[in-house]
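below are the sequence and a predicted model; questions follow.
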Amino acid sequence: MTTRWQGWREATERALYGPDGFFRRPEGPAGHFTTSVHASPRYAAAVTELLDRVDKALGCPGEVALVDIGAGRGELLHGVLECVPAKLAGRLTLYAVERAGRPDGVDPRIQWCSGPPRGVTGLLFANEWLDNVPVEVAETDGHGTPRYVLVRAEDGAERLGDPVAGADAAWLDRWWPIAGAPGTRAEIGRPRDAAWAEAVGSLARGLAVAVDYAHERDTRPPFGTLTGFRAGREVDPVPDGSCDLTSHVALDACAAASGGTQELLLSQRSALRALGVGGRRPPLALASTDPVGYVRALAAATQDAELTAPGGLGDFRWLVRPVGIPAEAVFTAGTPS
């Protein structure tokens, strides 16, 4: 803990990942908020389907990797192990990328690492990772000049600091222009661009996917999106280690940073539907011919509906980046955005 004024990037880094940081708490992220991974095993099933498609597009190599960035306590990888087909299981290497140490109870088949492995072939999947990559916050002063927002860790009080300059100013001009409009705010996503480009660069061949709440240049929120979460509730973003600190991601900027030409930007609703998570209720006639099957299908449809609901988890955006394979091998050209 420090009482000095500091930029939001430094304060968030310490609050989330420092020795006593939020993500090092024993209960893990699932103790405070629910992601798609925690909401339903159908999400892991969809990722497994995506992995299978990537494997086929790669020509079913001798070994295929699934790299989970921001793995929490390994929940997604455990879910994949529950449903991965036998044809893949024997060739699959699982990597959990997480800055917190390996927790007890993680399946021994999962390799735990602090950064993405280099040169692997397969699927890299980052669910709600980029929103926790610390960034600076900017606010335009009364004269129309964007300035860094400084924060005090113990109570979240803020004040304006120096004018935004250099590469940060260039990023704002290109991706989130706020100059001239006093009181408007932006999260400077340059560190997220770099983190995503590095993650994509770790793949020799395969597919990289980032899933997050996001916005695009023409629809940036005028006052930013920085907020906190604790015990299932949204709270003020105080960087004292007591809560999650998160802000939505400029995924269009991340896409440009990775240097590809085949990126897809999809809603979670359309991405999951393309992977077989549709939410369609089973026919009522099934209840009389196969009651057990009907109950199972109804439960699956209910879970699918939660994962794809507008105004909820369905509003997540998927940034899909193929590396050495055609994008249409995993998502058809007709997949809606």
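Structure's in. What do you need? Residues are numbered from 1 along each chain as shown.

give me the average confidence score over the longest strand seen in the chain.
Criterion DSSP state E: the longest strand present in the chain is strand 203-212. What strand 203-212 shows for mean pLDDT is 97.

check stretch 61-71 too.
94.

ok, stretch 133-149 next?
On average, stretch 133-149 scores 98.

in that stretch, what's buried?
By neighbour count with 16 or more other Cβ atoms under 10 Å, stretch 133-149 contains the buried residues 133-140, 145-149. Every residue, glycine included, has its C-beta placed from N, CA and C.

show me what contacts the residue nearest the centre of the chain?
Central residue of the chain (Cα atoms, centre = their mean): Glu128, 2.4 Å from the mean position. By Cβ atoms under 8 Å, 6 or more residues apart in numbering, the residues touching Glu128 are 35, 70, 211-212.

out of these, which comes closest to Asp218?
The closest of the contacts of Glu128 to Asp218 turns out to be Asp212 (Cβ to Cβ; 18.1 Å).

look at the residue lying closest to the closest one once chain neighbours are set aside and report its pLDDT.
Spatially, and ignoring its direct neighbours in sequence, Asp212 is nearest to Val249 (4.5 Å; Cβ to Cβ, 6 or more residues apart in numbering). Val249 carries a pLDDT value of 98.

how close does Val249 get to Val80?
Going from Val249 to Val80 by Cβ to Cβ, to the nearest Å gives 24 Å.

with neighbour numbers in mind, choose between these two.
Val249 (29 against 25; other Cβ atoms under 10 Å).

ok, that one touching Arg220?
No - contact criterion Cβ atoms under 8 Å: Val249 and Arg220 do not qualify, at 11.5 Å.

any chance you could list residues touching both of the two?
Joint contacts of Val249 and Arg220 (Cβ under 8 Å, 6+ apart) do not exist.

mind showing which ranges of the stretch 1-150 of the chain have poor pLDDT?
The stretch 1-150 of the chain contains residues with pLDDT under 70 at 1-3, 27-34, 38-39.

show me where it has its helices.
8-17, 36-39, 41-57, 75-83, 86-89 (DSSP state H, counting those that start in this stretch).

cool, the stretch 201-337 of the chain as well?
Using DSSP H, counting those that start in this stretch, helices in the stretch 201-337 of the chain cover 251-257, 268-274, 286-289, 291-308.

the longest strand of the chain packs against which elements?
helix 41-57, strand 120-127, helix 190-201, helix 251-257, strand 317-323 (3 or more Cβ pairs under 8 Å, 6 or more residues apart in numbering; DSSP states H and E).

residues in contact with the first one?
Residues outside helix 41-57 that contact it (Cβ under 8 Å, 6+ apart) are 36-37, 61, 64, 66, 76, 78-80, 82-85, 88, 92, 122-123, 125, 206-207, 209, 272, 275-277, 300, 303-304, 307, 325-326, 329-330.
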